[in-house]
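> Sequence plus predicted model, see below.
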Amino acid sequence: MDGEELTEQETALYDRQIRVWGADAQRRLSKSHILVCGMKGTVAEFCKNIVLAGVGSLTLVDDRVATDEALFSSNFLIPPDENVYRGKTLAELCCDSLKDFNPMVRVSVEKGDVSGFDGEFFNKYDVVVVSCCSLATKKSVNEKCRKLSKHIAFYTVDCRDSSGEIFVDLQDHIYSKKNLEETAECKLQYPSFEEAISVPWRALPRRVSKLYFAMRVIEKFEAEGCHPGDVSIADLPGVLKLKKELCEANEVIKAISGKGDPLKNFFFFDAVDGKGIIEDISVSNPKSGS
Amino acid sequence: MASQNQLFSIKGAKVLMVGAGGIGCELLKTLALSGFQDIHIIDMDTIEVSNLNRQFLFRKSHVGQSKAKVARDAVLKFRPHISITPYHANVKDPDFNVDFFKQFNVVLNGLDNLDARRHVNRLCLAAEVPLVESGTTGFLGQVTVHVKGRTECYECQPKPAPKTYPVCTITSTPSKFVHCIVWAKDLLFTKLFGDKNQENDLNVRSTDATSSSEHVEDVFERRKDEDIEQYGRRIYDHVFGYNIEEALSNEETWKNRNRPKPIYSRDFLHDEIAQQNGNVDKDCAAGDPSSVSAMASLGMKNPQDIWCLKENSRIFMEAFKLFFMKREKEIGNLTFDKDDQLAVEFVTAAANIRATSFGIPLHSLFEAKGIAGNIVHAVATTNAIIAGLIVIEAIKVLQNDTNNYRMTYCLEHPTRKMLLMPVEPFEANKSCYVCSESPLTLEINTHRAKLRDFVEKIVKAKLGMYFPLIMYGAALLYEVGDDLDEAMVANYAANLEKVLSELPSPVTSGTTVTVEDLKQELTCNINIKHREEFDEEKEPDGMLLSGWTQASSVEKDDNKSNGNGGSTSNASQAVPVEAEDNVEMDVLSGKKRRLSEISGQDLSSVTDETKNHEKLEVVDDDDDLVMLDDDPGLNKRKRIQ
């Protein structure tokens, strides 16, 4: 990795972002493989940004067939033209559009249900992002990723109404941080999804965003019968875009490049008050936060 | 949350976007997906390759085409039934007048320069249309809302003016790499390849009050029958060798500074001649002038490499030669362009050689290009976040949801756990000359400063009025316009050359001059105060405008009054930082009061020095969580210390 240079094409295209995160980070990005499950409107934003950033490859999983335009009305990757979308899955449709954004990124589709994939499957990727899935699925995918010797960065994303939540699990993460003139090496330990949500609420710091609790309640509700994602009415696209962009792509880039403080471990956005808050919810530091 | 009310307002709204670049692409997409149906968009630029990493509505095949038009076509693909009207034009064009702005419910800016932002701000105030402003740089960004009568206007908090450097720092005592870049770009490059008639400080030395101009001209002109190689080396030796020796001869200058080392071409290039000639011949065969590159011809591939002195010298000579051999026609007319590979190579090499001389760390071409070209680093994600925030504010504006307007800052590192920080807007600054039309004071030497100086340095540069009308009492001193008759034009031309106290209606201490810009519908009264002396270093313009707090931007030079001889010294070399607004600058404040506290007590505000986000009063509306202990302190707004 150290000996390889960016091509002239890459340098010209990525000039502006290289000035943000450096050539080394750009090189690492170009070798990374991302898996995304659940092609909702919000995830589409993430995909756009990560493809523009120049990752090595992006694989999409979503077997839902595009029948009803309502399914993807907030997904700008899918043209509202029946001749185009009829018969295809959401993943296929998004894949076609995404390839266009950056010919240097390999975008492909994987068929199947994310809960059915095994550890060997996930081992092909450096980053796994799941959305529109049940609590049980989030837990199981996270566990499978953690069992592998390779450190896979795991993210879940959910949007409800005007709020959004992101969960991050980087396991044992080592990264570099620039402090004025020096660069320090830092280490963070992330709890698994299961561990994080099993922290008794009583033990959490006082000012934890109420959204955390709201999300957990919704999850429980969904587990008891509803289809994930249907709980609330029209998601305002503005909000979705917002939350998506912020955490996802920036965070994934930080995780891959190993530079800069990554988010630990929950992020919430609430359009009502306009705040974007990070909460650290883990067993080891019950009094942390604030 | 997408209430019926909101959807209704959105559907019926007519929105103007200014800028179809980084923020613009994201914004147009978000507006379309949010249900907006009538969007107008102005952008004068065409698409470049370096845009494609984030301006995702554009493809490689679109390079060269109008941003506004291509953006519109791309969005219509996924929202075919909405109306998007593109304008491939400059927002400062007279067509976009107050009446034009009046037709919109809200204006959304996605601009990249201060000038245009000020212009739009003034038009929005005149048209009484709310403005949502924004800016991004790398991972930082902010969105601010400006509604006439309710909040600050964009100019209430003075924005940092472009950074300037004292002339002697550039010509004699550089201490930072950027000084070397300015020297290489604005002096050397311009002298060799640009307009020869332009005044140039290249040989103005701090010691030498008598600049022997004939001598100077000789040096830079190519002599008759002079070989290109010889010419290049002669220039090299002159600027890096002779000029340094000359400067060293003045002991005063170097008392407290490191002495520079003169550098001569013979030390580095004597064995290169034969090799280079070979390469140059090969290049003669190739045809395309735009792909001419010194790096390519010398086989140096990596723009991230930091070249040693020898390599820089080779690049300097090669670039020099290539300009004269391959781009001869352009010489005399060239201006530095960051996308001109050869120009960037030349400037990088020259700056690096000078830096070597002065013991300043060298930089790669990539870095030098960023500095010389004032490149703003940018990523798609920050723009996308900001676009989302803009739409959220726009919807509030459409709903007249005034209590919920927020200025939102997107931070790189969380502050009190927040990556997105909303702040309540402030009320208008009563001493803002733009929205409160309060008068300014100008200290100036009325016997020495000419009207022309006043127009250039104050009216245009500081006040941003490019079509001014200047009056004293009932007398019209100067105006710009198409419909002026010859006599008036001649009269104004004559006035420009007169010193203020000798104008037909003399402008002396105690008088008030009125400046108007009809396009921006802005009037400004300036009280004149005569002052004899001005500090050459701190007030190089010889004038001081006050009345509203101006963020300090002139770099202080340690030079002890070495001046530049002559009282009509040129203005400092400007290195305009055309970056999108720096988040921290926006947070600086003078005295201001919160919107919601106007009727209540007067909470004193933050001092100028504070850039600390912690001290900002953040809107903190969280209810207590039911299960946790009640803490009454939580709900109280934090006061600014």
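That came through, no problem. Numbering: from 1, shown residues only, chains lettered A, B, ... in the order given.
> What helices and strands are in contact with the one helix or strand A:Val20 maps to?
Assigned by DSSP states H and E, A:Val20 belongs to helix A:8-29. Helices and strands touching helix A:8-29, by 3 or more CB pairs under 8 Å, 6 or more residues apart in numbering or on different chains; DSSP states H and E, are helix A:250-257, helix B:365-372. For the C-beta atoms, the positions are set from N, CA and C on the backbone; glycine is no exception.
> In TSV, list those along with mean neighbour count and distance to B:Asp112.
Listed next are the helices and strands packed on helix A:8-29 as TSV, based on neighbours: other CB atoms under 10 Å in any protein chain shown; distance: least, CB to CB, whole Å:
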stretch	mean neighbour count	distance to B:Asp112
helix A:250-257	24	21
helix B:365-372	22	15
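> Residue numbers of the stretch 101-250 of chain B in contact with chain A?
B:Gly138, B:Phe139 (CB under 8 Å from any CB of the partner chain).
> OK, now which residue of the stretch 101-250 of chain B is nearest to chain A?
Nearest residue of the stretch 101-250 of chain B to chain A, counting by CB to the nearest CB: B:Gly138, 4.4 Å away.
> for that residue, what are its contacts?
Taking CB atoms under 8 Å, 6 or more residues apart in numbering or on different chains as the criterion, B:Gly138 is in contact with A:Arg19, A:Val20, B:His377, B:Ala378, B:Val379, B:Thr382, B:Glu412.
> What separation is there between B:Ala368 and chain A?
Distance, B:Ala368 to chain A, using CB to the nearest CB, to the nearest Å: 12 Å.
> shouldn't that residue be in contact with B:Phe346?
No: with contacts counted by CB atoms under 8 Å, B:Ala368 stays clear of B:Phe346, the gap being 10.5 Å.
> Out of the contacts of B:Gly138, which comes closest to B:Pro361?
Using CB to CB, A:Arg19 is the member of those that lies nearest B:Pro361, at 18.0 Å.
> measure the closest residue to that closest one other than its chain neighbours to B:Gly64 for me?
Nearest residue to A:Arg19 in three dimensions, chain neighbours excluded: B:His377, at 3.4 Å (CB to CB, 6 or more residues apart in numbering or on different chains). To B:Gly64, B:His377 is 24 Å away according to CB to CB, to the nearest Å.
> Please identify the helix or strand for A:Ile174.
Residue-wise, A:Ile174 maps onto strand A:172-179 under DSSP H and E.
> so, in contact with chain B or not, that strand?
No: figure legend: strand A:172-179 not in contact with chain B (CB under 8 Å from any CB); closest approach 9.9 Å.
> buried ones in that strand?
A:His173, A:Tyr175 (16 or more other CB atoms under 10 Å in any protein chain shown).
> Can you list the helices and strands that it packs against?
Going by 3+ CB pairs under 8 Å, 6+ apart, strand A:172-179 lies up against strand A:182-189.
> Adjacent strands (with direction) for the strand it packs on?
Its sheet considered, strand A:182-189 pairs with strand A:172-179 (antiparallel) by DSSP bridges.
> send the alpha carbons of the strand it pairs with over as PDB?
What follows is strand A:172-179 as a C-alpha-only set of coordinates in PDB (Å, rounded to 0.1, in the frame of the first residue of the first chain):
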ATOM      1  CA  ASP A 172     -10.800  -2.400  19.000                       C
ATOM      2  CA  HIS A 173      -9.900   0.600  16.900                       C
ATOM      3  CA  ILE A 174      -6.500   2.200  16.600                       C
ATOM      4  CA  TYR A 175      -6.200   5.500  14.900                       C
ATOM      5  CA  SER A 176      -4.000   8.500  14.700                       C
ATOM      6  CA  LYS A 177      -4.900  12.000  15.900                       C
ATOM      7  CA  LYS A 178      -3.200  15.200  15.000                       C
ATOM      8  CA  ASN A 179      -2.600  17.500  17.900                       C
END
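> pretty sure A:Ala66 is in contact with A:Asn83, am I right?
No: using CB under 8 Å, A:Ala66 is not in contact with A:Asn83; the gap is 11.8 Å.
> Which one of those two is surrounded by more residues?
A:Ala66 (23 against 6; other CB atoms under 10 Å in any protein chain shown).
> State which one residue of the stretch 1-150 of chain A is found closest to chain B.
Ranked by CB to the nearest CB, the top residue of the stretch 1-150 of chain A for proximity to chain B is A:Arg19, at 3.4 Å.
> Whether stretch B:18-35 contacts chain A - can you check?
Yes: remark: stretch B:18-35 sits within contact range of chain A at B:Glu26, B:Lys29, B:Thr30, B:Ala32, B:Leu33, B:Ser34, by CB under 8 Å from any CB.
> rewinding a little: between B:His377 and B:Gly64, point out the one with more neighbours.
Using other CB under 10 Å, the more surrounded residue of B:His377 and B:Gly64 is B:His377, with 17 against 8.
> quick one, what contacts that one?
Residues in contact with B:His377, defined by CB under 8 Å, 6+ apart, are A:Arg16, A:Gln17, A:Arg19, A:Val20, B:Thr137, B:Gly138, B:Gly370.
> So which of the residues you listed is the closest to A:Leu58?
Of the contacts of B:His377, the one sitting nearest to A:Leu58 (CB to CB) turns out to be A:Gln17, at 16.8 Å.
> How about the contacts made by the closest one?
A:Gln26, A:Ala53, A:Gly54, B:Asn53, B:Arg54, B:His377, B:Ala378, B:Val379, B:Ala380.
> hang on, the fifth one packs against A:Asp15?
Put plainly, it is B:Arg54. No: using CB under 8 Å, B:Arg54 is not in contact with A:Asp15, being 10.9 Å away.
> neighbour count winner among those two?
Higher neighbour count among B:Arg54 and A:Asp15: B:Arg54, with 26 against 20, using other CB under 10 Å.
> Quick one: residues contacting the residue nearest to the more buried one when sequence neighbours are not counted.
Of all residues not flanking B:Arg54 in the chain, B:Ala380 sits nearest, at 3.8 Å (CB to CB, 6+ apart). B:Ala380 makes contact with A:Gln17, A:Lys48, A:Asn49, A:Leu52, A:Ala53, A:Glu245, A:Ala249, B:Gly22, B:Glu26, B:Asn53, B:Arg54, B:Phe56 under the criterion CB under 8 Å, 6+ apart.
> Brilliant, that's me finished.
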